[in-house]
Each structure stands twice: as C-alpha cells, then as structure tokens.
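Engineer: build the 3D model from these lines:
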Amino acid sequence: MPIKRKPHLSATFALLPTWFVAVVVFIGTMAWSIRLSFTNSTLFPSSTYVGFTQYVKLFYSAKWLASLQNVLIFGVLYVAGCLLLGFLLAAALDRKIRFESAFRTIFLYPYAMSFVVTGLIWQWMLNPTLGIQASVRSLGWETFVLDWVVNRDMAIYALVLAGVWQGAGLVMVIALAGMRGIEAEQWKAARIDGIPVWRIYVSIILPQLGPALAAAGMLLAMGVIKTYDIVVAMTNGGPGNSTEVPAKFIMDNLFGRQNLGLATAGATVLVLGVITAVAPFRYAIYMRNRAKGAA
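Structural biologist: Have a look, this model is predicted:
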C-alpha cells in the first residue's frame, strides 16, 4: 500500500503550487474585491462599510446602464456574426477548393492579432478623414459616407464589424474540423438522393456541429464580458457613451476617478453575470453526462 500511495502523494505535492495560486490569487482576490465593494474605498482601500451604497450608485449611473446595454448589443451581434460567418467560411473551405491552406491561413490570421491592433486597423479604415470614406471621395464620389466611428447611432456596429472580422476565424477552424470528421457515406447518400449542397449543410451537417459551435459560442461569449481593448483603440467609449462597456467603466473608475468601491462593485456584478451565463451551460453538460452514464 505505501508503494501504491507514493505516486499519488507525489502528484498531490506537484499540484500544491497550482492549488495555492487558484485559491489565493484567484479566489482570494475575488473575495477581497467583493469585500471592497461594500466599503467607501476611494484611492486606497477602506474598512468603513457602507452596505449596498456602491451598488445603488452603480445602477443609478447612466453611464453604467448604457455600458450594460452596449455590451448586450455587441455580445449578441458579435457572437451571432462570428458563428454565421465562421460556418459559411468553413463550408466554403470544406468543398476542397484550390489553395485551401492559403485561404485558411488568411481567414484565421486576424484571430492571431490582439484586439488593440484590430481596433486600430478598423479605426483608421472607418475614420471619415483618413480611411475608406476619404479614399472613395477622392475618386469623385463626394456623397459617399462611412463615418461609423464618429456616429453615435452606428459606433457600436463598427465595434461589431471589427470584432466579427477578428473572431470568425476561430469558429471557422472549429467548424471545419467538425465537418472533416463527418463520415463520407453521409455525403454519398445525400448525393444519391439528389439533395442540394446547401440543404446538406443546413439539414445534415449543421445539427452534427451543435456541440462544436456551442463551445465556440461559449468562448466568444466569455470574451464579450471582458471587452475593453477594442473599445479603447477604436472609440474610447464615444461618441458620448455610445460604445461604453462595463470593463471600461470599471477601469475608468479604478484608475481615472480613483473610486475603488464603485469599480469593485461593477466588477462584482460582472462576475455574477459570468456565473449566471456559464451555470446553465455547465448544468446542461452535467445532466447530459449523467444521462449517458445512466444509460
């Protein structure tokens, strides 16, 4: 028995640093932030508890409410756009076209960029005095308008456009891997029955890609919660509050306005939002695995 326990003890000791980091760094700092959200901390942490005052201020802030609305619009359109465009790109590459490797690299390359680089590229392209609008007008089309980054009504959609351009490559790779794993007999049977190619992808291929696309959607949704870099690079939250997002609101209050209590209250709300979004997904996976085990 002692000989059998040795490897388990070695593995336990090897994992101790990881457990220490998980408990102290992640859970510990999270608990510390939640504690500060119930205090009147400003530039430095304070021990004076004020109850839910910071949360009341938070939800009475027009800027915070606008940021929640903006991240909801951005999140829905970004995830849906990436899933749709990524699936279409994967379907196109799945047809075994010429130069497939080159196209796959080109479509995936934006995902390798940081959101800062993506934001700067699209900020220049959509800048009315430097980008596409100025170039088209220089060719003689004086009435052409593409000023999304300075238009309050269109700025959030400019962020969506840039985000989809970057994130669709991830969905493409995941979906293409799933398509290549589908048995060739299904394609042969569908061709014998005379089913159009588009109907094969919609009615046969797409349902089988459900778990893969769900995983891709979850990865994209987790990125939406912490959206910050691309907003700062493209619009810095403007014009007005039209592209303000929760992460930027938190960072502005933490470092710009030195309002530690309000910033940690916002961070706590974001954590609760992540838990609320992830919990049903994890519960569904647990129930599915449990049902498989029972069968």
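Engineer: which residue is nearest the centroid of this protein?
Structural biologist: residue 223 (2.5 Å; Cα atoms, centre = their mean).
Engineer: SS state for that residue?
Structural biologist: helix (DSSP: H, G, I helix; E, B strand; the rest coil).
Engineer: please name the nearest non-neighbouring residue to it.
Structural biologist: With Cβ to Cβ, 6 or more residues apart in numbering as the criterion, residue 223 has its nearest non-adjacent residue at 7.5 Å, and that residue is residue 167. For the C-beta atoms, the positions are set from N, CA and C on the backbone; glycine is no exception.
Engineer: my guess is that neighbour contacts residue 111. True?
Structural biologist: Yes - with contacts counted by Cβ atoms under 8 Å, residue 167 reaches residue 111, the gap being 6.6 Å.
Engineer: neighbour count: the two, which is higher?
Structural biologist: Each of residue 167 and residue 111 has its neighbours counted (other Cβ atoms under 10 Å); residue 167 has more, 26 against 17.
Engineer: how far away is the more buried one from residue 83?
Structural biologist: 9 Å (Cβ to Cβ, to the nearest Å).
Engineer: check residue 289 too.
Structural biologist: 24 Å.
Engineer: who's more crowded, those two?
Structural biologist: Neighbour totals were compared for residue 289 and residue 83, and residue 83 leads with 21 against 10 (other Cβ under 10 Å).
Engineer: check contacts around that one.
Structural biologist: Applying Cβ atoms under 8 Å, 6 or more residues apart in numbering to residue 83 gives the contacts 171, 213, 216, 217, 220.
Engineer: now do 10 Å
Structural biologist: 164, 167, 168, 171, 174, 175, 213, 214, 216, 217, 220 (Cβ atoms under 10 Å, 6 or more residues apart in numbering).
Engineer: now for the residues you listed, which pair is the farthest apart?
Structural biologist: The distance between the two most remote of the contacts of residue 83 (Cβ to Cβ) is 18.4 Å, for 164 and 214.
Engineer: so where's the protein uncertain?
Structural biologist: In the predicted model, the chain carries pLDDT under 70 at residues 1-8, 294-295.
Engineer: how long is stretch 135-154 end to end?
Structural biologist: 20 Å (Cα to Cα, to the nearest Å).
Engineer: for stretch 128-147, same thing?
Structural biologist: 5 Å.
Engineer: residues contacting it, please?
Structural biologist: Here stretch 128-147 has contacts from 121-127, 148-151, 154-155, 158, using Cβ under 10 Å, 6+ apart.
Engineer: could you export those as TSV, including neighbour count, distance to residue 12 and secondary structure?
Structural biologist: Output for the contacts of stretch 128-147, formatted as TSV (neighbours: other Cβ atoms under 10 Å; distance: Cβ to Cβ, whole Å; DSSP: H, G, I helix; E, B strand; the rest coil):
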residue	neighbour count	distance to residue 12	secondary structure
121	18	48	helix
122	23	49	helix
123	19	50	helix
124	13	53	helix
125	18	53	helix
126	24	54	coil
127	18	56	coil
148	25	55	helix
149	24	53	helix
150	15	58	helix
151	17	58	coil
154	16	56	coil
155	23	52	helix
158	24	51	helix
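Engineer: overlap of the contact sets of residue 167 and residue 111?
Structural biologist: With Cβ under 10 Å, 6+ apart as the test, residue 167 and residue 111 both reach 82, 118.
Engineer: next, residue 41: secondary structure please.
Structural biologist: coil.
Engineer: list phi and psi for it.
Structural biologist: phi -60, psi 140 (degrees, to the nearest 10).
Engineer: that one: what's it in contact with?
Structural biologist: 35, 47, 48, 50, 54, 258, 259, 260, 261, 262, 263, 264.
Engineer: perfect, I'm done here.
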